[in-house]
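In: just coords:
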């Protein structure tokens, strides 16, 4: 290949690089934003999981209290029926 052919090849490669560089930078920036949003979402999910683990025993206690209250109300209704 002579100098003229090499200059055409180099010109095409440089033109392609100049045309693709802004697009590659835009894609890189979008990926960086997505990565940071994904990390933020992961932290939020971790906090939700921790809160759910803390809330689960409380829900079990409340369910037990509801059962106790249901039993007490049933006894009270029975007592009121006997009184009437």
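Out: Perfect, I can see it now. For clarity, every value in this text was computed on a predicted model and none was experimentally measured.

In: Would you mark the buried spots in stretch 70-84?
Out: By neighbour count on 16 or more other C-beta atoms under 10 Å, the buried set for stretch 70-84 is empty. In this view, the C-beta of every residue, glycine as well, is placed from N, C-alpha and C.

In: Averaged pLDDT, that stretch. What do you get?
Out: What stretch 70-84 shows for mean pLDDT is 91.

In: Number the chain from 36, please
Out: Shifting the count to begin at 36 puts that one at stretch 105-119.

In: For the protein, which segments count as helices?
Out: Secondary structure of the chain, counting by DSSP state H: helices at 38-118.

In: what about residue 74, distance to residue 80?
Out: Distance, residue 74 to residue 80, using C-beta to C-beta, to the nearest Å: 11 Å.

In: Name the residues contacting each of the two.
Out: Residues touching both residue 74 and residue 80 (C-beta atoms under 8 Å, 6 or more residues apart in numbering): there are none.
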